[in-house]
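Peer 1: Below: sequence and its predicted model.
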Amino acid sequence: NQANIFSFVACLKQRPNSTKTRPNSARVRSTKQKMTKIVLACLVAVASADYDFANEPPKVHWTRHDKYDSARVKSRAGKGVGSKPTIMSMDVTYTVDGDEYEGYVAYPTAPDPKRPDGFPGMVISHAWYGLAEGEKMRAEEAAKHGYVAFALDMYGKGKRATDRAGAMQLIGELNANGPEVVKMRAEAGLDQLRAGGVVSEMAVVDESLIYSTGYCAGAIWATEMARSDWGVKGVSVFHANYANLTAFTTKMADVWMQYHHASYDRVGDEGLLELETYLEGADVKVWETVKYGGTYHGFSDPTNSIFDDRAAAQSHASMFAFFKASMPKRACEDSTTWHKNGNEAKNCGWVAEWSPRCDVKGEGRVLAKDACPCACPLTRLPL
């Protein structure tokens with residue numbers, strides 16, 4: 001149609017440009033190869049846009065520093081995001097196959113004594129525009145929930161779209177490289193949370209508790225981490241295109257899978273039912289799909305003009321609850337060294353005699369309920 005022709009022409013405005021001196025035949029051959037790659041990328045981009053991203057709603061100006069009530073979370077002290085910062089966040093550069101990529105990391109600044117093996121990790125896959133404010137805000141939100149979060153980059157450092165045509169070109173170029181390159185970049189993002197990755201230099205991650213989430217196109221890459229058996233504990237994705245369903249196998253049977261579906265999402269109710277059929281066929285032990293009435297594709301993205309505050313808050317709260325439920329329950333073990341004000345008689349056994357003592361502080365201002373989880377089972381608030 002006319003819109004696709006216009007998008008294809010706009011995409012082709014990128015021209016091969018060689019400044020190297022070489023024989024005419026070699027220069028012509030190189031130019032033809034570059035042009036073939038560009039045409040192929042643009043064709044894939046237009047085809048992807050027509051199938052996956054038709055009628056993409058317009059973006060709105062928004063940054064994660066704007067007031068955004070649905071992203072406000074509570075700490076154990078009951079303080080909101082606007083209180084004293086408890087996380088560190090920054091852009092980080094990493095390398096994939098010799099090229100630079102720029103992700104975004106957010107993590108708690110203080111260690112959790114209840115997690116001696118480190119914090120759970122979360123890798124976030126961006127939508128087709130590239131890593132942007134929405135994904136960075138979600139990384140910070142996850143850090144406030146006690147995760148070391150990393151928002152990956154699938155396109156390359158500095159490659160970000162500001163409009164639909166730009167997004168079409170970027171995702172088209174990515175897909176034109178073939179599925180193995182796409183998988184390589186996705187796994188490289190996941191690897192930044194593991195030993196040797198850039199994030200591992202900043203915070204300790206429990207590699208047995210790494211989770212994956214993603215939005216729109218990013219939901220495909222997030223799901224690939226379960227399909228390819230890369231060791232993620234759970235996956236929760238938002239308004240996804242349910243691609244590669246035939247690749248669902250029993251390799252992902254132990255991964256907890258959660259899908260957040262808009263009432264008017266592109267795949268429709270038939271696509272949702274097909275997804276559920278494949279989840280069951282892959283023998284996934286724990287899975288759920290959640291449909292949000294009256295919402296449209298992109299409802300969870302605050303930079304999207306059809307952003308739905310209620311559904312965005314509810315779906316992300318559901319994600320955190322889903323991931324938390326998948327975590328193994330920690331054994332109840334009271335401290336043998338905690339006591340109140342140097343009085344060794346006032347230990348965890350003393351606390352167990354009367355529940356209000358769970359709020360008593362001991363040496364180092366450590367609360368009894370944190371040091372004595374067996375004595376205070378109803379007041380302890382684990383992650």
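Peer 2: Received it, and whenever you're ready, just let me know what you need. Residues are numbered from 1 along each chain as shown.
Peer 1: which residues in the stretch 101-250 of the chain form strands?
Peer 2: For the stretch 101-250 of the chain, applying DSSP state E, counting those that start in this stretch gives strands covering 119-125, 148-151, 205-215, 234-238.
Peer 1: Tell me the confidence at the nearest residue to residue 274 once chain neighbours are set aside?
Peer 2: Counting by CB to CB, 6 or more residues apart in numbering, residue 245 is the residue found nearest to residue 274 once chain neighbours are left out, at 6.4 Å. Heads up, the C-betas are built off the backbone N, CA and C, glycines and all. Each residue has a pLDDT score; the one for residue 245 is 87.
Peer 1: Now do the contacts for residue 245.
Peer 2: Neighbour list for residue 245: 274, 275, 278 [criterion: CB atoms under 8 Å, 6 or more residues apart in numbering].
Peer 1: Give the full set of residues in contact with the second one.
Peer 2: For residue 275, the residues meeting the contact criterion (CB under 8 Å, 6+ apart) are 242, 245, 259, 267, 289.
Peer 1: give me the low-pLDDT residue ranges for the stretch 51-200 of the chain?
Peer 2: Within the stretch 51-200 of the chain, the segments meeting pLDDT under 70 span 51-85.
Peer 1: Run through the helices of it in chain order.
Peer 2: 133-144, 164-176, 179-191 (DSSP state H, counting those that start in this stretch).
Peer 1: what sits opposite residue 234 in the beta ladder?
Peer 2: Assessed by DSSP bridges, residue 234 has beta-bridge partners residue 211, residue 256.
Peer 1: wait, it sits on residue 323?
Peer 2: Yes: judged on CB atoms under 8 Å, residue 234 makes contact with residue 323 at a distance of 5.3 Å.
Peer 1: what sits in contact with each of the two?
Peer 2: Overlap of the contact sets of residue 234 and residue 323 (by CB under 8 Å, 6+ apart) consists of 211, 256.
Peer 1: Distance of residue 100 relative to residue 358?
Peer 2: 50 Å (CB to CB, to the nearest Å).
Peer 1: The two: which has the busier surroundings?
Peer 2: Neighbours were counted for residue 100 and for residue 358 using other CB atoms under 10 Å; residue 358 has more, 22 against 12.
Peer 1: Wait, a strand at that one?
Peer 2: No: going by DSSP: H, G, I helix; E, B strand; the rest coil, the assignment for residue 358 is helix, not a strand.
Peer 1: Relative to residue 335, how far out is it?
Peer 2: Distance of residue 358 to residue 335, computed by CB to CB: 13 Å.
Peer 1: on that earlier part again, so which of the strands of the stretch 101-250 of the chain is nearest residue 94?
Peer 2: Distance to residue 94, taken as CB to CB, is lowest for strand 148-151 among these, at 9.4 Å.
Peer 1: Could you name the helices and strands sitting against the closest one?
Peer 2: strand 99-108, strand 119-125, helix 133-144 (3 or more CB pairs under 8 Å, 6 or more residues apart in numbering; DSSP states H and E).
Peer 1: Can you list the neighbours in contact with the helix or strand hosting residue 321?
Peer 2: Per DSSP states H and E: residue 321 is located in helix 309-326. With contact meaning CB under 8 Å, 6+ apart, helix 309-326 is reached by 69-71, 120, 122, 138, 141-142, 145, 211, 213, 233-234, 236, 238, 256, 258, 260, 262, 286, 288, 290, 292, 295, 299-302, 383.
Peer 1: Of those residues, keep whichever come out buried.
Peer 2: 70-71, 120, 122, 138, 141-142, 145, 211, 213, 233-234, 236, 238, 256, 258, 260, 262, 290, 292, 295, 299-302, 383 (16 or more other CB atoms under 10 Å).
Peer 1: before we move on, back to that, report all helices and strands that the helix or strand just after the helix holding residue 321 contacts.
Peer 2: Counting by DSSP H and E, the element after helix 309-326 in chain order, helix or strand, is helix 348-352. Contact partners of helix 348-352 among helices and strands, from 3+ CB pairs under 8 Å, 6+ apart: helix 368-371.
Peer 1: contact partners of the helix it packs on?
Peer 2: Under CB under 8 Å, 6+ apart, the answer for helix 368-371 is 113-114, 334-335, 338, 340, 348, 351, 357-362, 375-376, 379-380.
Peer 1: try 7 Å
Peer 2: 335, 338, 348, 351, 357, 358, 359, 360, 362, 376, 379, 380 (CB atoms under 7 Å, 6 or more residues apart in numbering).
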